[in-house]
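A.B. asks: Output the structure for:
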Amino acid sequence: MELSPTAYVILGMISREPRSGYEIKALVDNTTRFFWAASYGQIYPQLKRLSEAGLVAGSDAPRGERKRTVYAITAEGRRELEDWLRQPPQTVEMREEGLLKLFFAGVLPPEEAAETLRSMHAYRRDIAARLRSMEPDAEEKLAQDDPFPLIVLQGGIEFNEWFADWCERMEARLLDPARRERSS
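C.D. replies: Below is the predicted model of the structure:
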């Protein structure tokens, strides 16, 4: 059976401890969503598929009157996750609407196109700050012999800081009157 990227997100999220679909989504929203998101509409159908394939096992764990199923990875699921982790990445993709708009911004005056760069700059600075606020938790995991969340987090911080700086440099280039006069 071919698994989707979301299936691997789920297997990874429950590889250390059992979690409900709600808990998986909350964990995704606070960790991987900065580079790989997953919605409830993806998570719950994938949990069903994974369960039917014997890669996860669900058990009832109600909270008060609320029905709740907690999923744990099975031995076969762990093997599948480990096999996937050993393969080179197949998807290298960045979807950035700001870059798409910038690509076509030649139809706008430079001052208007620069607004896209300013917006992207502010967004990336905000993301970098939010990621920095997560560092203490990631450093705590490092102390528990799991360096990988911190490694990925620091990569995200550095990428977003670089991206924000790039936006600033490109805005300055775009609005440089000497450069605009030479191209007229």
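A.B. asks: Nearest residue to the residue nearest the centre of the chain in space, please, no chain neighbours.
C.D. replies: Residue closest to the average C-alpha location in the chain (CA atoms, centre = their mean): residue 35, at 2.3 Å. When the adjacent residues along the chain are set aside, residue 35 lies closest to residue 156, with 6.6 Å between them (CB to CB, 6 or more residues apart in numbering). Placement of C-beta: from N, CA and C, glycine included.
A.B. asks: likewise residue 50?
C.D. replies: residue 56 (4.4 Å).
A.B. asks: Please work out the average pLDDT along stretch 173-180.
C.D. replies: Averaging pLDDT along stretch 173-180 yields 79.
A.B. asks: Please point out which parts of that stretch sit buried.
C.D. replies: residue 174 (16 or more other CB atoms under 10 Å).
A.B. asks: what's the domain layout of this structure?
C.D. replies: Listed domain ranges for the chain are 5-86, 97-183 (source: automatic domain parsing).
A.B. asks: winner for burial among these?
C.D. replies: domain 5-86 (a mean of 16; mean count of other CB atoms under 10 Å).
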